[in-house]
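S.K.: I'd like to go over a predicted model; first the sequence, then the structure.
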Amino acid sequence: MRSRVSWEELVKAAEQVKKDSWGRWAERHGDWGRDAVIYFAVRHGGLRVKEVAARVGMRYQAAVQAARRFEKMLSKDRQRGEMIAKLKRQMSHI
């Protein structure tokens, strides 16, 4: 995978993994997909929190908290780990 991904490609990959459009799940209450994309973008995609926050329409600190919250639950929730693994696979094909 490249050292830096584009936001558009990452969202497209996430839509393919979730089999639904970003607009339908990104702000859905209880859906951690948006937090997964934020986490992936910052930890694996080479994007800065400031860039990601602007793309998502969040304040900087809220984006930091979303990434931390997701990371904290990553080791406890198999589905979250699977989502990140699938995103890595999708992004390696782009």
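M.R.: In hand now; what should we look at?
S.K.: any low-confidence regions in the protein?
M.R.: For the chain, the stretches with pLDDT under 70 are 1-2, 94.
S.K.: mind listing the helices for it?
M.R.: Using DSSP state H, the helices found in the chain span residues 7-18, 22-25, 33-43, 49-56, 60-74, 78-93.
S.K.: Need the winner for burial among these.
M.R.: helix 33-43 (a mean of 23; mean count of other CB atoms under 10 Å). No exception for glycine: its C-beta is placed from N, CA and C like everyone else's.
S.K.: So which other helices or strands are in contact with it?
M.R.: helix 7-18, helix 49-56, helix 60-74, helix 78-93 (3 or more CB pairs under 8 Å, 6 or more residues apart in numbering; DSSP states H and E).
S.K.: For F40, find the nearest of the ones you listed.
M.R.: Across those, F40 has its closest neighbour in helix 78-93 (5.1 Å, CB to CB).
S.K.: And the contacts of that closest one?
M.R.: With CB atoms under 8 Å, 6 or more residues apart in numbering as the test, helix 78-93 has contacts from 1, 5, 9-10, 13-14, 16-17, 32-33, 36-37, 39-40, 44-45, 70, 73-75.
S.K.: Specify the residue positioned farthest from the middle of this protein.
M.R.: K76 (17.4 Å; CA atoms, centre = their mean).
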